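K.L.:
Fold the stuff below for me.
(2 chains)
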Number of protein chains: 2
Amino acid sequence: MNNFVFYSPTEFVFGKDTEQQAGALARKFGAHKVMIVYGGGSAVKSGLLERVRHSLDAAGLPYCEMGGVQPNPVDTKVYEGIDVCKREQADLMLAVGGGSVIDTAKAIAAGACYEGDFWDFFIGRATVKTALKVGVVLTIPAAGSEGSGNSVITKTATLQKLSLRTPAALRPVFSILNPELTYTLPPFQTACGICDMMIHILERYFTNTPDVEIADRLCEGTLMAIMKEAYRVKQHPDDYGARANLMWCGMIAHNGTCGVGCEEDWASHFMEHEVSAIYGVTHGAGLATIVPAWMTFMAGHHPEKVAQLGNRVFSIAETDDKEEMALQTVARLKHFFRYLGLPVSFRELGIEHPDIDRLVESLHRNKGEQVGNYVKLTREDTRAIYQLAEV
Amino acid sequence: MNNFVFYSPTEFVFGKDTEQQAGALARKFGAHKVMIVYGGGSAVKSGLLERVRHSLDAAGLPYCEMGGVQPNPVDTKVYEGIDVCKREQADLMLAVGGGSVIDTAKAIAAGACYEGDFWDFFIGRATVKTALKVGVVLTIPAAGSEGSGNSVITKTATLQKLSLRTPAALRPVFSILNPELTYTLPPFQTACGICDMMIHILERYFTNTPDVEIADRLCEGTLMAIMKEAYRVKQHPDDYGARANLMWCGMIAHNGTCGVGCEEDWASHFMEHEVSAIYGVTHGAGLATIVPAWMTFMAGHHPEKVAQLGNRVFSIAETDDKEEMALQTVARLKHFFRYLGLPVSFRELGIEHPDIDRLVESLHRNKGEQVGNYVKLTREDTRAIYQLAEV
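P.N.:
Numbers count the residues shown, from 1 in each chain, chains lettered A, B, ... in the order given. Alright, predicted model coming up:
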């Protein structure tokens, strides 16, 4: 086990009707003026935004707003938000939505306290030293941004989709998680969220760090819970218990609980970011395509941990043939994704002729000649994995 | 799943040599003068205390000290500490030790900010509104106090052993966990710690709250990790990887990660507190005696969750006879405890003639006519469980 710091200081308020506490929590964490950040129409139509406004009113907190954040959030919306925030002198960003909204709010929170271009943080030209506080009312369990210090933004001009990791400054001070808000998520979006949280776990699980039994067990346990509840939600989208379990799993998957002391991988995420940046697909659907291909490649190169996953999570019998165990694991995972209605190939994703040259070129330009840690992938390797994902 | 708040804002710094960061962390969290609280000779003899002093010196932080905290920590030491703290005007309590030292430091931290008697907090006469900050350098993975807001203190005059739960005010602001510090723990003390952390999990696991799959899986996974690493530590007390896993499991077992959204039980803990208060046994050893008896009682009254534990953690085959599954689970657990050198009955604990009348009387006087939640235990029930623990 490697040395590590685990610091997850967010106050998570979980359960029915908890969005009514938004105002009180913003006040508790020292807000004087709140900026509500939200996405499209669903937060408006469902009445959620109105309930959040009421809660702020009840707490005597003034607020301003910016809506219109889209999936795969972009830099232009961040610039717009920074302008609004500075003009209105807001001091707490309240994200009402899913990962795209939260990530946008975080980027605004950092950018509003910085004289230069906020994109500097994403390309490593500057580090976030101070940021406005961020609070969350979560509507989509998927990205785990409600419990992480991360943000992923795409630069429109270049289609660079980059991630920023600044746990200390950008972790939300509070996150409100009401599973009832997720009843109306369409099945495909629910499935994409389930895939996203599973892969957040697997990026940590696929490690060569020795002596990480507690990390492994927490990963495996969370994966088993996700899969069980995913079946239930597919059958009954308004099952509170199933939605509640999934919502908490999405947080656990990404706040650092899983993977403590491990060197993490993240190759699949970086490979998928190229796909969603160029083809505009939903991140979770892109992951459902890339990860089985990545795991198939690993079956032939470094099957051990894939085989352990198969044995402990998918009940695949332990044998000496780890490659075969790994391939069986891939088959089970694909079967599960298909059951959820997710694509498991570029073709199923609607990309008949992926421009693999461009994907590989862009990936290694953004992330260097070697990508990932479980196996350090060269251009040849990532090309092979993109090809495995074709059909 | 019940509504819940999860708030674990402690900064955990984990790994080799991390005690050297004590001074920098105390400074980061705003200390002006530190009060080091420690126990007997081991922190002195091992050189740990000296390294911590060096770290405070290097950070330019003045400090005072109070040593001599004993296992099953007592109120008299808290009063002494409050006097020292007030006289020296310390503003951060740095506990260097295990649960007894940390719990004493927390009680001092609360008592030093309160005009009345600190014991008021433990008997419910007052609530902790403000407290000095607490930092930890952990030497014994067991109590989980490094990540919790709890403190357990015994009143010497009456032998009342009571617990205080004030997560918001008393959670440590930082906890340093260096597994190397645990190499020299004697096997019995290591085993008692292992038992204590396992039971922290089981007190949460034994719940009737429906739809808690993620909580169950996190509990089960942590238990499996503990048992695997316990075998390794028994064979090789200076195996860093095994010690590291156990140390993190002890934290995870008690900071709230396990058991979110569950109505918890805690009957076994309360029943054991009476035993250790009256007979002065080590808490973990007392638990190894009480919990198998509690589970045996449950086999006949409410076996379902015991059977699930057996199936998922001890690989006991699923059958319709839940009582039989539960009894097999008890047998496996006892076998494991015995392997670690723990007593599993009053007789093995060295108490030939337990005064069960007194235990039952004291328990229900302290905790009310009904104890626990998985089954609400009457005097008749707790008597039956104490009797099951006799041999």
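K.L.:
from here on, contacts and neighbour counts on C-alpha atoms
P.N.:
OK.
K.L.:
what secondary structure does the residue in the stretch 1-150 of chain A positioned nearest to chain B sit in?
P.N.:
Nearest to chain B in the stretch 1-150 of chain A, going by C-alpha to the nearest C-alpha, is A:Pro9, at a distance of 3.7 Å. Three-state assignment for A:Pro9 (DSSP: H, G, I helix; E, B strand; the rest coil): strand.
K.L.:
Could you do A:Leu94 as well?
P.N.:
strand.
K.L.:
Could you report the neighbour count for it?
P.N.:
When neighbours are defined as other C-alpha atoms under 10 Å in any protein chain shown, A:Leu94 has 29 of them.
K.L.:
Kindly report the same for A:Asp239.
P.N.:
A:Asp239 has 16 nearby residues by other C-alpha under 10 Å.
K.L.:
correct me, but it touches A:Val233?
P.N.:
Yes. A:Asp239 lies in contact with A:Val233 (C-alpha atoms under 8 Å); the separation is 6.5 Å.
K.L.:
Can you tell me which residue is spatially central in chain A?
P.N.:
By C-alpha atoms, centre = their mean, the mean C-alpha position of chain A lies nearest to A:Ala143, the distance being 2.3 Å.
K.L.:
Up against chain B, what does the stretch 101-250 of chain A have?
P.N.:
Within reach of chain B by C-alpha under 8 Å from any C-alpha of the partner chain, the stretch 101-250 of chain A has these residues: A:210-214, A:217-218, A:220-222, A:224-226, A:241-242, A:244-245, A:248-249.
K.L.:
Give me the buried subset of the residues you listed.
P.N.:
Neighbour-count burial (16 or more other C-alpha atoms under 10 Å in any protein chain shown) applied to those gives A:211-214, A:217-218, A:220-222, A:224-226, A:241-242, A:244-245, A:248-249.
K.L.:
what sits against the residue of the stretch 1-150 of chain A closest to chain B?
P.N.:
Listed by C-alpha atoms under 8 Å, 6 or more residues apart in numbering or on different chains, the contact partners of A:Pro9 are A:Arg171, A:Val173, B:Tyr7, B:Ser8, B:Pro9, B:Thr10, B:Glu11.
K.L.:
pLDDT wise, what is it at?
P.N.:
Looking at A:Pro9, its pLDDT reads 94.
K.L.:
gap between it and B:Gly135?
P.N.:
Relative to B:Gly135, A:Pro9 is positioned 15 Å away (C-alpha to C-alpha, to the nearest Å).
K.L.:
hang on, A:Leu49 packs against A:Ser42?
P.N.:
No. Using C-alpha under 8 Å, A:Leu49 is not in contact with A:Ser42; the gap is 9.1 Å.
K.L.:
of the two, who's got more company?
P.N.:
Taking other C-alpha under 10 Å, A:Leu49 and A:Ser42 do not tie; A:Leu49 has more neighbours (21 against 15).
K.L.:
Not counting its neighbours along the chain, what's nearest that one?
P.N.:
Setting aside the residues directly before and after it, A:Leu49 is nearest to A:Ala43 in space (C-alpha to C-alpha, 6 or more residues apart in numbering or on different chains), at 5.5 Å.
K.L.:
tell me the mean pLDDT over whichever strand or helix holds that neighbour?
P.N.:
Here A:Ala43 is covered by helix A:42-45, with elements defined by DSSP states H and E. Per-region confidence: helix A:42-45 scores 91 on mean pLDDT.
K.L.:
ok, and what's touching that helix?
P.N.:
A:Leu49, A:Glu50, A:Val96, A:Gly97.
K.L.:
and of those residues, the nearest to A:Asn366?
P.N.:
For those, the residue nearest A:Asn366 by C-alpha to C-alpha is A:Gly97; the value is 28.2 Å.
K.L.:
For the closest one, give me its contacts.
P.N.:
A:Gly97 is in contact with A:Tyr38, A:Gly39, A:Ala43, A:Val136, A:Val137, A:Leu138, A:Thr139, A:Ile140, counting by C-alpha under 8 Å, 6+ apart.
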